[in-house]
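# Let me see the structure of the following:
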Amino acid sequence: MYFRKGILILAMTVLGAGTAFAQLSPLKPEGWTDLQAWSHGLGLIVNGRRLCGLDYDQAKIDEHYAMIASVGGVNMTTLQQAALQWADIQAPHVTRETCGIARRIAKRNGWLR
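Residues are numbered from 1 along each chain as shown. Next comes the predicted model:
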């Protein structure tokens, strides 16, 4: 259940990028911090590489992380560590469908090589 919410959060984060993104708090389940919500969505990017074999353009991924870290008021290292933790939690639930979602999001945002 949390995994599906995470995908929704990531999709909304990606769609909300830009000036509107900077003005909004992320959509998140009740009781979650902003960092938890953002890093949960970023876990899909991590698992896209690890489990789905997506070949991301690392510079573009780093730029995306930097934007989220800046908006969230956290440093990149904290955000990356949190994303890795969520990716580990989500990993057992990654399916072919999840990989397809990750690929579509990455393609739409120009993150693939």
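
# Could you give the separation of stretch 91-106 from the chain centroid?
Between the centre of stretch 91-106 and the centre of its host chain there is 12 Å, according to C-alpha atoms, centre = their mean, to the nearest Å.

# buried set for it?
For stretch 91-106, the neighbour count (16 or more other C-beta atoms under 10 Å) marks 94, 98-99, 101-103, 105-106 as buried. C-betas here are computed from N, CA, C, even on glycine.

# In this protein, what helix or strand scores lowest on average pLDDT?
helix 19-23 (a mean of 45; mean pLDDT, DSSP states H and E).

# Heading C-terminal from whichever helix in the chain runs longest, find the next helix or strand.
Across the chain, the longest stretch assigned as helix under DSSP state H is helix 34-50. Next helix or strand after helix 34-50 toward the C-terminus (DSSP states H and E): helix 58-72.

# Could you give the backbone dihedrals for Ile112?
No, residue 112 isn't Ile; it's Leu. phi -90, psi 150 (degrees, to the nearest 10).

# re the thing from before, out of the buried residues of stretch 91-106, which comes closest to Ile68?
Ile105 (14.1 Å; C-beta to C-beta).

# ok, now which ones touch the residue most central in space within the chain?
Centroid-nearest residue in the chain: Leu42, 2.0 Å away (criterion: C-alpha atoms, centre = their mean). Contact analysis of Leu42 by C-beta atoms under 8 Å, 6 or more residues apart in numbering lists 10, 65, 68, 79, 82-83, 86-87.
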